[in-house]
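Engineer: fold the following, please.
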Amino acid sequence: MKKIIFISLLSLIGCKRNNPVHPPVGGVLNQKDLDVSKNRSKNLNLIEREQIKDWIKGQKTPYFPTQLNYWTTVEGLDHREKRQDETLISYSYDLYDFDQTKIYDKPITRQNAKFGHFDELKAVENALRFMKDDEEITLLVPSSLAYGTYGDENKIDNDIPLIIKLKVL
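Structural biologist: All right, here's what the predicted structure looks like:
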């Protein structure tokens, strides 16, 4: 019996030595890990921006860059009058991949959302601040402004740029 316990302990200790140590989600990373992550994000963003620019070249609809690093069908969108915090807005949007396949059957809809208290995609919130009532626009969004490195934990995988068809209700 002692031999079995001893062998079991040895195998457990042996397995433990071979496992890499990963910080927990939300854990502290050292500077090297932070630099690697920062460079990965920067390189991914550059690649996605070039891919989106190439995709735009094949489209009939013109798209215009914004200051926040996404494109829209409205020229000068982020130079319009901006809605202030605490302002209420109702809106809906559909999500598509760059093959123009709709990701969810039903649009995502919010009624009387309050600016400054959104829990929304950065590009969506930014575009809504400049949109007019009843206006519809299309956004081309790199993954860093969409669901990033984690995805939405449902149908949208990590590092996926999106096409967002957005409407103010």
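Engineer: use CA for all of it now, contacts and neighbours both
Structural biologist: Fine.
Engineer: I'd assumed T138 was in a strand, is it?
Structural biologist: Yes: counting by DSSP: H, G, I helix; E, B strand; the rest coil, T138 is part of a strand.
Engineer: please report how far the residue nearest to the spatial centre of the chain lies from H79.
Structural biologist: Most central in the chain under Cα atoms, centre = their mean is A146, positioned 1.9 Å from the mean C-alpha point. A146 sits 22 Å away from H79, going by Cα to Cα, to the nearest Å.
Engineer: so who does the spatially closest residue to the residue nearest to the centre of the chain that is not a sequence neighbour touch?
Structural biologist: Computed as Cα to Cα, 6 or more residues apart in numbering, the closest residue to A146 that is not its neighbour in sequence is L121, at 5.7 Å. Residues counted as contacts of L121 (Cα atoms under 8 Å, 6 or more residues apart in numbering) are 145-147.
Engineer: where does L121 land on pLDDT?
Structural biologist: The model reports L121 with a pLDDT of 91.
Engineer: again, but for the one 5 residues further on
Structural biologist: In the predicted model, N126 carries a pLDDT score of 95.
Engineer: that one: which element?
Structural biologist: helix 122-130 (DSSP states H and E).
Engineer: which parts of that helix are buried?
Structural biologist: Within helix 122-130, the residues that count as buried by 16 or more other Cα atoms under 10 Å are 123-124, 126-130.
Engineer: and V74, how many neighbours does it have?
Structural biologist: 17 (other Cα atoms under 10 Å).
Engineer: equivalent analysis for R40, please.
Structural biologist: R40 has 12 neighbours, counted by other Cα under 10 Å.
Engineer: ok, R83 next?
Structural biologist: By other Cα under 10 Å, 16 other residues sit near R83.
Engineer: do N43 as well
Structural biologist: There are 12 residues near N43, going by other Cα under 10 Å.
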